[in-house]
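In: Could you work out the structure for the sequence below:
(chains A and B)
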There are 2 protein chains.
Amino acid sequence: MRWCPVASILEKIFPILTWSKNYNADKAVSDLLSGITVGMTLIPQSMAYASLAELGPQYGLYSSICGGFVYVLFGTIPELHIAPTALLSLVTYSHTLHVTFGKQNAVVLLCFVAGVIELLCGILHLGFLVDFVSAPVVAAFTSAVAITVASSQVKNLLGLQFIAETFMGAWYKIFEHIGQIKKWDAILGLSCFIMLLFLKKIKDYGEPPFAENCGNINGKRSKIKGLLWFISISRNVVVVGGCSLLAFFLEKSGNNVLTLTNNVPSGLPNITLPPIEVNYEGMNFSFVEMVSQLGISVFVVPFIAVLGNVAIAKAFAKGKAMDASQEMIALGMCNIVGSCFGSYPINASFTRGAISNATGVKTPTAGIYTGILVILSLTFLTPFFSYIPKPTLAAVVICAVLSMVEVTMTKLIWKINKIDLLPFTITLLSCLLIGLEIGIIIGVCVDIILLLHSSARPKILFEVVMDNDVGNYIKITPTSAITFPSAEYIRERIMNYHRNESSTEQYMVVIDCHRIHKMDFTAGKCLGAMMTDLKNNNRKVIFLEPRLKIVKVLKNVCANDILVAETEEELRMHLKHTKEMKLPHQEARVESFKQVREI
Amino acid sequence: MRWCPVASILEKIFPILTWSKNYNADKAVSDLLSGITVGMTLIPQSMAYASLAELGPQYGLYSSICGGFVYVLFGTIPELHIAPTALLSLVTYSHTLHVTFGKQNAVVLLCFVAGVIELLCGILHLGFLVDFVSAPVVAAFTSAVAITVASSQVKNLLGLQFIAETFMGAWYKIFEHIGQIKKWDAILGLSCFIMLLFLKKIKDYGEPPFAENCGNINGKRSKIKGLLWFISISRNVVVVGGCSLLAFFLEKSGNNVLTLTNNVPSGLPNITLPPIEVNYEGMNFSFVEMVSQLGISVFVVPFIAVLGNVAIAKAFAKGKAMDASQEMIALGMCNIVGSCFGSYPINASFTRGAISNATGVKTPTAGIYTGILVILSLTFLTPFFSYIPKPTLAAVVICAVLSMVEVTMTKLIWKINKIDLLPFTITLLSCLLIGLEIGIIIGVCVDIILLLHSSARPKILFEVVMDNDVGNYIKITPTSAITFPSAEYIRERIMNYHRNESSTEQYMVVIDCHRIHKMDFTAGKCLGAMMTDLKNNNRKVIFLEPRLKIVKVLKNVCANDILVAETEEELRMHLKHTKEMKLPHQEARVESFKQVREI
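Out: Numbering: from 1, shown residues only, chains lettered A, B, ... in the order given. Now for the predicted structure:
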């Protein structure tokens, strides 16, 4: 098909056209198993995440329908599944809290606009912007999100009722309302929490039953391991199902003491276009009015979604080519189509990726099976959803985000590059104390300041070379490109060195340029001034191994009056020549100096 | 005196204590001549600059009193003379245009606050911030200032009257009011302009009469050259004096057709503290109210003053140690003390520096003589100042700023580093079309974006080394530090290269680290992931000549599983060893591959 340009473009836009050619029954079975396993985590989690965004649980399910179906067309990484995440749920919550045109309208509109922006970023190849957020800042941000999410769910775990947006606010309110804790909610919530932790732990003793390497182990032991693994993976369904049954029987026996989820409307959402014009509580809102109410959220939400998505995509690309732009297009399309199904902003989650990976997913088709499972549960299971106790959902969320707190990474940062703990700590504290969005902006600023600092203050090596053959000389080696922020600094360092090393013996200065791959106008001008200064101080400068580009710059600023040695050999020749030339001259200088002293 | 810490600190704060030790009669004579020559340029120019700030000419003189006296205590560069400049006059004008507590109060307050900020920056050693403005941006900004200043003076040259803040505004108004040009003003103004250009030109044929190298030329020719030079240097006094006489006689004969300067109050200004509280037109303004009216001006003015000052100080330091912080302290003190004498913001000027240099100035003492000359002229000459025609002053300003338009520098930028024309052009156009302050901010942003781009996309050299002895291998040389913005890019480039070079022959990958002097956490993490990916693709990686720091990072991310060669020799040993080791293995791989194909 390579000969047809249209087909080639279509293959670029729809990667499914490429990978579907090799699709077979084996892959389909793997994908089916993987899709169902992911679905069993996704369904309880998405309902819990929706409650995090202060939306009804059905919105979590609505948001989980489209991702799989759309991603299968545009996506390339089988492990990715675009659906609600704790991060985006929390961000959506805080960014739609104060709108006046209805929370539901706001989240769906935000999903649509974010999708459009993600799509545009993908088309314009703006994915490189994500590179300017360093790993420590991402880690700190993720940890802060996890801590904030967990803090915001403590109230549901304990049966408290209040509104708090931030980490500080949540804990302040918890202590304020501590007397109103509902005993049975708290007992159930904490039990679920411990249960989930325990079920998560037993995964370490199990093994994926249908993963690739399962062929090696046989027999009963393998079956037990497989069962343990499966129970652990479906822990959310197990716990949520168990608690719902408990609540159902308590309800039937007429003494329900638990806070339950509100009634969940049955069936699929209405398929409508995203809200272009809205009439809410008798007021008309135009598209522009609504978007301006959302404000910078329409940039913050896609930025955070893309940041998470690119990181997860890279983690699961495993060294294969990963087209970040295509992934952004896929993410954008998932959000745009999703917004027609009443979805709030969605992206990929690391947890779902890890489960897909463990279950041996082969292609993005797995997402279709997950989607079908969500549709089935919306169609048949909604009557039972209203029996899910709120504390149970809170426990599900808290357990899900706990692993996002990057404790091990701080240890690694400490080992590798201690200075990187600075952006980490500043970002973490800013996120928790001021707010998530401002925190990450502060983190990026710290990143950029550190970057600018290192280009402004590069390392310079000074060395006095003692050599009887060619005479002593000073060798100066700047270790990186010389550009405007560092030019003056380098000039000053070199001139200061010369003032301190004032003996006439070190008459020659060798500037080793082999590491200088770039020099801008400011640097050239500055070095030109330095050359003049050194000349006035009776020093001679030789440039060692400069690139052609650098020679051109130096010739322009020094009026061609420069000495260049392309090799060490040439340098020695130059030095020897100068030594022979200068000897009488230097003696003369010493002579005249003596005369002056004698007078 | 070294043994006494107090004396040492005092010497640091007051450089005069050091250089005054060697002061002698010779130096005093040089300084006196230099001081008087500078004064003869300063007096007419400062009056003209004051009119640029829409202040009475006496304010230019008031602002010229203190600089010399204060700088002699704190300054180190003899050529510097802190007094009004075209740049700061224009900035002061546009930043005090809309205050409601009186123009005079505003400029004096601005001078005081700017002085305090400059002093603080000096004490806190914040001078390095100036390094983040590249030479092309400074050149564009200076040129834009010159063009704006010249444009703003065209109205006075032609006898027009209107208010315009910007370059665009000035020319728009000029064409709007073109019918109201005053014939005699225009004739005088243009004549003065041509006269000044001519007198400036004759300097090329003259020579400084009391400069150091004057001993070589004797006789009549030298005297003529000296005279030419002196006339050229005092051209402002000559032209202003001549035109004032003309206006005086026209006035006496009762038919003055020229626009003259307003009456200049005689005598020195009242010495008062800077306006801490002001009663203006019946309204009381507190210090905080006034500063908040000045707004960001209180940062813009010192930033621009320091930018100019540091550049001029560096130009005249001539390779000697230049303490930027001490210069900022000196500048701050000049402004703070100046504000008690009714001065508006002042800094050093390149013109005055060049004159001082040409007249062989020896120490900052020269400034005292200039100051005394200003005081004398304020005491005795003010009655004559009101006869100075406005068009003459306009011609003085326009001629002074014309040389600030950096035409030759654009040629040099073109030759040295064409990409630097981008920040130059953007800054110039932004300054002229939007405004000077916004223009320089845009310029700095372009600078920083270019800097970030180059740290995000470093050059990587790829080389396939064919060697029968040790086997073929791929050598990859990143040319600079690997930090977070470039880490992913480098990983991707390397992985892409491997996907394309898929023949099993290039089994070994050598990463040449000798130019990598730094690696942060993100880069380490990223390289760790790349190592895993390469391993999965059956490639073996050897790091060549890494620094100890880099080895430590790599060991931490790769669980010690790395191969390091400290020299080329060691590399060859490694390669040879691996070649012998891998041969059977590789054949086995080919064997099994064949089997698969045959099945």
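
In: quick one, phi psi at A:T96?
Out: phi -120, psi 20 (degrees, to the nearest 10).

In: How about the contacts made by it?
Out: Under the criterion of Cβ atoms under 8 Å, 6 or more residues apart in numbering or on different chains, the contact list for A:T96 reads A:A53, A:K103, A:A106, A:V107, A:L110, A:L294, A:S297. Every residue, glycine included, has its C-beta placed from N, CA and C.

In: Now do the spatially closest residue to A:M195 that is not a sequence neighbour against A:N279, distance only.
Out: Spatially, and ignoring its direct neighbours in sequence, A:M195 is nearest to A:V239 (5.7 Å; Cβ to Cβ, 6 or more residues apart in numbering or on different chains). Using Cβ to Cβ, to the nearest Å, A:V239 is found at 41 Å from A:N279.

In: do A:D520 as well
Out: Distance from A:D520 to A:N279, by Cβ to Cβ: 58 Å.

In: And what about whatever residue of the stretch 401-550 of chain A ends up closest to chain B, helix, strand or coil?
Out: Across the stretch 401-550 of chain A, the shortest distance to chain B (Cβ to the nearest Cβ) belongs to A:D533, at 2.6 Å. Following DSSP: H, G, I helix; E, B strand; the rest coil, the label given to A:D533 is helix.

In: do you know how far it is from A:A247?
Out: 83 Å.

In: A:I336 too?
Out: Counting by Cβ to Cβ - A:I336 and A:A247 are separated by 37 Å.

In: Just the element for A:M404, please.
Out: Assigned by DSSP states H and E, A:M404 belongs to no helix or strand.

In: was I right about the residue of the stretch 401-550 of chain A closest to chain B contacting A:M495?
Out: Yes: if you go by Cβ atoms under 8 Å, A:D533 and A:M495 touch, sitting 6.2 Å apart.

In: about what we covered before: more neighbours: which of A:V239 and A:N279?
Out: A:V239 (22 against 12; other Cβ atoms under 10 Å in any protein chain shown).

In: returning to that earlier point: who has more neighbours, A:D533 and A:A247?
Out: A:A247 (23 against 18).

In: What ranges in chain A fall below the confidence cut-off?
Out: Scanning chain A for pLDDT under 70 picks out A:1-3, A:209-219, A:318-321, A:499-507, A:560, A:581-599.

In: which residues of it fall in strands?
Out: A:82-83, A:278-280, A:283-285, A:347-348, A:460-465, A:473-478, A:508-512, A:540-544, A:563-565 (DSSP state E).

In: mind checking which of the ones you listed is nearest A:L158?
Out: Closest approach to A:L158 among those is made by strand A:82-83 (27.8 Å; Cβ to Cβ).

In: what packs against that closest one?
Out: helix A:57-74, helix A:324-339 (3 or more Cβ pairs under 8 Å, 6 or more residues apart in numbering or on different chains; DSSP states H and E).

In: Kindly reformat these as a markdown table containing distance to chain B.
Out: Compiled in a markdown table, the helices and strands packed on strand A:82-83 are given as follows (distance: least, Cβ to the nearest Cβ, whole Å):
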| stretch | distance to chain B |
| --- | --- |
| helix A:57-74 | 21 |
| helix A:324-339 | 9 |
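
In: got these as a markdown table, with mean neighbour count and distance to A:E570 columns?
Out: Formatted as a markdown table, those follow (neighbours: other Cβ atoms under 10 Å in any protein chain shown; distance: least, Cβ to Cβ, whole Å):
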| stretch | mean neighbour count | distance to A:E570 |
| --- | --- | --- |
| helix A:57-74 | 26 | 58 |
| helix A:324-339 | 26 | 46 |
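
In: could the ones you listed go into TSV alongside distance to A:K555?
Out: Formatted as TSV, these follow (distance: least, Cβ to Cβ, whole Å):
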stretch	distance to A:K555
helix A:57-74	53
helix A:324-339	42
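
In: What parts of the stretch 351-500 of chain A come near chain B?
Out: Within the stretch 351-500 of chain A, the residues that sit near chain B (Cβ under 8 Å from any Cβ of the partner chain) are A:412-413, A:415-417, A:419-420, A:447-448, A:451-452, A:454-456, A:459, A:479-481, A:483-489, A:492, A:495-496, A:499.
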